[in-house]
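# Predicted coordinates and the sequence they were generated for:
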Amino acid sequence: MDYDLEQKLWNAGQTDQIYKKEIWLKIVYSLLSDFQKFIGQSFEKDEEINMDINNPFSPSFGIWIWKDGENLYEGKSNIIDSSIETNNKKFLLPSITWSGVMGGDMIGSKENDKTQEIFSVSLTLFLFDSINKERIRLDTGESIIEFVYKKHSNGHGNWISLGWHKDIYGEWEDIQYE
């Protein structure tokens, strides 16, 4: 992300300055571009970005993204071709589809025993088996993969994976394959 644009992201909500919609669009698209590079996959994005940017002290945004099914072994998106034959038996190989939501909002952050409001960007990813249209969950109950865009001491940020998590509040239980 461009350094000046990134500084706008980190400074969002800290003053009474309201960023124009065009600035927020640049921030969102830059974050998505960086995420695309981070995961090494292209993906689709919703045409509509939900934005609440009129209150300078609590701006927020959200956008849905998704990737159609890919055969994990061949990188194909055609699940008809996603089978192998071994010992005269045919097996379907996993084909994964995912969707996710990226959001940015003000959150309370504790640093040096002081709580301050900072702008935070996170992305929640949901995996689906493209063949049976079921959500993929770990045997231990984790059903979402979390990512955050983290600021470093040099003022730049990057995406990091927080790994698999349980949906402890049930917020995402109704997400279905579409």
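Looks like it came in fine.

# Secondary structure element for F61, which one?
Following DSSP states H and E, one finds F61 within strand 60-71.

# Can you work out which other helices and strands pack against that strand?
helix 21-39, strand 44-45, strand 50-52, strand 95-111 (3 or more CB pairs under 8 Å, 6 or more residues apart in numbering; DSSP states H and E). In this view, the C-beta of every residue, glycine as well, is placed from N, C-alpha and C.

# Just the C-alpha atoms of it, please, in CSV.
Taking C-alpha atoms only, strand 60-71 is exported to CSV below (Å, rounded to 0.1, in the frame of the first residue of the first chain):
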residue,chain,number,x,y,z
SER,A,60,-16.1,1.8,9.2
PHE,A,61,-16.3,-0.3,6.1
GLY,A,62,-17.0,-3.9,5.0
ILE,A,63,-16.8,-5.8,1.8
TRP,A,64,-17.4,-9.4,0.8
ILE,A,65,-14.8,-11.4,-1.3
TRP,A,66,-14.9,-14.9,-2.7
LYS,A,67,-13.0,-17.5,-4.7
ASP,A,68,-14.8,-20.2,-6.8
GLY,A,69,-13.8,-23.8,-6.3
GLU,A,70,-10.3,-25.0,-7.2
ASN,A,71,-9.0,-28.5,-7.3
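
# mind checking pLDDT for the residue nearest the centre of the chain?
The centre of the chain sits closest to L123, judged by CA atoms, centre = their mean, with a distance of 2.8 Å. Listed pLDDT for L123 reads 97.

# same question, N132
82.

# Pretty sure it sits in a helix.
No - under DSSP: H, G, I helix; E, B strand; the rest coil, N132 sits outside any helix and is assigned coil.

# Relative to W172, which of the helices and strands packed on strand 60-71 is closest?
strand 95-111 (8.7 Å; CB to CB).

# so for the closest one, what's the average pLDDT?
Confidence over strand 95-111 (mean pLDDT, whole number) is 86.

# going forward, begin numbering at 546 instead of 1
All set: I'll call the first residue 546, so the last point we hit is now strand 640-656.

# I'd like to know which elements it is packed against.
Secondary-structure packing of strand 640-656 (3+ CB pairs under 8 Å, 6+ apart): helix 566-584, strand 605-616, strand 659-674.

# for stretch 702-713, the distance to its chain's centre please.
9 Å (CA atoms, centre = their mean, to the nearest Å).

# Can you point out the buried residues in it?
Within stretch 702-713, the residues scored as buried using 16 or more other CB atoms under 10 Å are G702, W704, W709, D712.

# could I get these as CSV with secondary structure and pLDDT?
As requested, the buried residues of stretch 702-713 are exported to CSV (DSSP: H, G, I helix; E, B strand; the rest coil; pLDDT from 0 to 100):
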residue, secondary structure, pLDDT
G702, strand, 94
W704, strand, 97
W709, strand, 95
D712, coil, 91
